[in-house]
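> let's see this in three dimensions:
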Amino acid sequence: MTKAKSPTPDKVIYDTDPGVDDAMALYFALAHPAIDVVGITTTFGNVSVEQAATNALYLTAIAGRPGIPVTRGVKTPWVKHPEAPPAFIHGADGLGNLGSRVATHNEVDPRSSAQFIVDMARAHPGEITLVAVGPLGNLSLALKLEPTLPTLLREVIIMGGTVLEPGNVSPVAEANIWNDPHAADSVFTAGWKLTMVGLDVTHRVITELSLFKKIADHHDHLATTTLHQAVEFYSRFYSGLHKHLYKTPGCFAHDLLAFIYLVNPELFTVETGRVRVATDGLAQGQTIMNRRDYINYPQAGWDKHKPHTQVCMAVDAPGCLKVFENTLMSNWLEEN
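Coordinates of the predicted model:
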C-alpha cells in the first residue's frame, strides 16, 4: 500500500556524516517534493565532524539551498576507541577528493547537533522525522538532553545495522552501528517509532555510475556534476571489492534507501522485533534482532518491555531505482 501523502511535505532533520552516499541521499531529499529538510545535523563517521559540517554546507550551497541550518555534533564514540575515517572509500574529504570547490558563504549554526534536534522537536512536536545515516551519537545525546524526545518526534529512520546479511566492517557488523555501538543500543531501546534500513536491503540496490552521469549531463549543474565526480571515486572502491560491480561500475545505495523508505515504504518488506546492539568483543556493533518474540529468553536484555523496531528485510530494487532516477531528473535545481 502506498503511503498517504501529507498535504505539506514531511519535516525532516537529516543526521549525517557526508560521505558520498550521504550526498546522494541529501540531493534526493532536496529534490523530492514530499520532503522538507529543516536541518542537517552532522557527526563523525565517514569523515571528522568538522569535515562533515563543511561538506553539508558545501553541498547545500551549490544546490541553491544555503539557508538550511547545519550543525556540528559529536566528535567521537561514547565508549569505544574512535576509528580512522575510511578515506579509501569516500576520499580524504568525504566527497571523492574533489579537485576544487567554489567559494560558499553559509555558516554552521552555533548549536550542537543534539541541542538542535531537541529545539526543533520541542518547537514542532509530532511533526519531525529524523533520518539518521551515520553513527548515532547525536541522537543518543539528544535523548539525554530531553528524555521525552521519543514522544516529540514523529518517527526515526536509520540507515545502519544488519540482521541476515554479512556485515561490512566485520562478519556481523555494519559500519554506522560499529562506530558507536553504545550510542546505537541506546537508540534502539529508547521507545520511539523506529525503522532500521540496513544491509539486508541496501546490498540489494545498486546505483550504476552511468545513472549519475546521465543526471549530471541532464542538469549541467555544479551540484550534480560534483555528485557524479564523488560517486566515480566511491564506485571504484566497490568495483574492486565486489565482482558483480567490476564490469558495470556502481555502488550500493545505502543512505539513499532511508529516504526512499520515508516516501515509498511500500517498496520494502519489514519485520518487527526487539533489536539490541553488541557493544564489545568480536561481535561489537552487531544488531541482534529477536525474531521469536513468543519465547521468553532467560538472558537479560530481552525483556518484554523493550521497544520494538521495524526492520527492512526485503526491497523492490527496480522500484527504488526508478524513484531515485525520476526524482533526481526532475527540475529541482531549476526551482532553487
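> quick one, phi psi at the residue nearest the centre of the chain?
Nearest to the mean C-alpha position of the chain, counting by CA atoms, centre = their mean, stands Val133 at 2.0 Å. Here is the backbone geometry of Val133 (degrees, to the nearest 10): phi -130, psi 20.
> same check on the one 10 residues further on?
With angles defined as degrees, to the nearest 10, Leu143 shows backbone torsions of phi -60, psi -40.
> nearest spatial neighbour of Trp328, chain-adjacent residues omitted?
That one is not Trp; residue 328 is Leu. Ile215 (4.9 Å; CB to CB, 6 or more residues apart in numbering). C-beta: built from backbone N, CA, C; applies to glycine.
> my bad, should have said Gly94
Val47 (3.9 Å).
> which ones are touching the residue nearest to the centre of the chain?
14-17, 19, 21-22, 25, 158-160, 176, 254-255, 258 (CB atoms under 8 Å, 6 or more residues apart in numbering).
> top of these by neighbour count?
Each of the contacts of Val133 was scored for neighbours by other CB atoms under 10 Å, and Thr16 scores highest at 34 neighbours.
> number of nearby residues for Gly64?
Other residues lying near Gly64 total 16 when counted by other CB under 10 Å.
> that one contacts Glu334, doesn't it?
No: look at Gly64 against Glu334 with CB atoms under 8 Å: they stay out of range, at 9.2 Å.
> list the helices and strands whichever strand or helix holds Tyr27 packs on?
With secondary structure defined by DSSP states H and E, Tyr27 is part of helix 20-31. Using 3 or more CB pairs under 8 Å, 6 or more residues apart in numbering; DSSP states H and E as the contact test, the elements touching helix 20-31 are strand 10-16, strand 35-42, helix 49-62, helix 222-241, strand 250-252, helix 256-263, helix 317-328.
> how about the ones you listed, which one is nearest Asp293?
helix 256-263 (22.4 Å; CB to CB).
> in its sheet, what does the next helix or strand after the closest one sit against?
Helices and strands here follow DSSP H and E; after helix 256-263, the next one along the chain is strand 268-277. When pairing is defined by DSSP bridges, strand 268-277 lines up against strand 287-290 (antiparallel), strand 309-315 (antiparallel).
> got phi/psi on the residue nearest to Thr41 when sequence neighbours are not counted?
Ranked by CB to CB, 6+ apart and with sequence neighbours excluded, the top spatial neighbour of Thr41 is Ser113, at 3.5 Å. The phi/psi pair for Ser113 (degrees, to the nearest 10) reads phi -60, psi -40.
> quick one: contacts for Ser113?
Per CB under 8 Å, 6+ apart, neighbours of Ser113: Asp15, Thr41, Thr42, Thr43, Thr71, Arg72, Gly73, Val74, Asn138, Leu141, Ala142.
> export those residues to JSON lines and tack on pLDDT and distance to Gly198?
Shown next, in JSON lines, are the contacts of Ser113 (pLDDT from 0 to 100; distance: CB to CB, whole Å):
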{"residue": "Asp15", "pLDDT": "98", "distance to Gly198": "16"}
{"residue": "Thr41", "pLDDT": "98", "distance to Gly198": "21"}
{"residue": "Thr42", "pLDDT": "98", "distance to Gly198": "21"}
{"residue": "Thr43", "pLDDT": "98", "distance to Gly198": "18"}
{"residue": "Thr71", "pLDDT": "98", "distance to Gly198": "25"}
{"residue": "Arg72", "pLDDT": "98", "distance to Gly198": "26"}
{"residue": "Gly73", "pLDDT": "98", "distance to Gly198": "22"}
{"residue": "Val74", "pLDDT": "98", "distance to Gly198": "21"}
{"residue": "Asn138", "pLDDT": "98", "distance to Gly198": "19"}
{"residue": "Leu141", "pLDDT": "98", "distance to Gly198": "22"}
{"residue": "Ala142", "pLDDT": "98", "distance to Gly198": "22"}
